[in-house]
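>>> predicted model follows, preceded by the sequence.
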Amino acid sequence: MTTSPGMFEGSEISELCDSIKDIHRLLKSVGAFHAELDEAEAPGGNGLQIDFKKWGIRTITEDLLARQYAKIDRMAAIYKKEQEKMRGR
């Protein structure tokens, strides 16, 4: 697929790809850390410390994902705007 001039700038494409890669890395890392925490709980323990750590991880992850999704949404809005311009020509 070829793009028309002005469709996406090189830095925007790079930013979009980086956002997608960051989301993948983040989810992969969080999943691995959750698995580690599950295995770390002592038998017979109440798990409160681990639950608190999981809550912290979830909170941080949600914030980081929201930032990455915002970047992707911005790129999608640029793309949609450019498509509308092209249709109007």
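Received, thanks.

>>> can you give me the helices in this protein?
Assignment of helices within the chain using DSSP state H yields the ranges 10-40, 48-88.

>>> low-scoring stretches of this protein, by residue?
1-10, 41-42, 45, 89 (pLDDT under 70).

>>> most distant residue from the middle of it?
Ranked by distance from the centre of the chain (CA atoms, centre = their mean), the top residue is G44, with 35.8 Å.

>>> picking that back up, with mean neighbour count as added columns, please give the helices of the chain in TSV.
Glycine gets a C-beta too; all of them are placed from N, C-alpha and C. Listed next are these as TSV, based on neighbours: other CB atoms under 10 Å:
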stretch	mean neighbour count
helix 10-40	13
helix 48-88	12
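
>>> just want the most central residue of this protein.
By CA atoms, centre = their mean, the mean C-alpha position of the chain lies nearest to I23, the distance being 3.1 Å.

>>> from D18, how far out is the nearest residue to it once chain neighbours are set aside?
Residue nearest to I23 in three dimensions, not counting chain neighbours: Q68, with 4.9 Å by CB to CB, 6 or more residues apart in numbering. Between Q68 and D18 the distance is 9 Å, computed by CB to CB, to the nearest Å.
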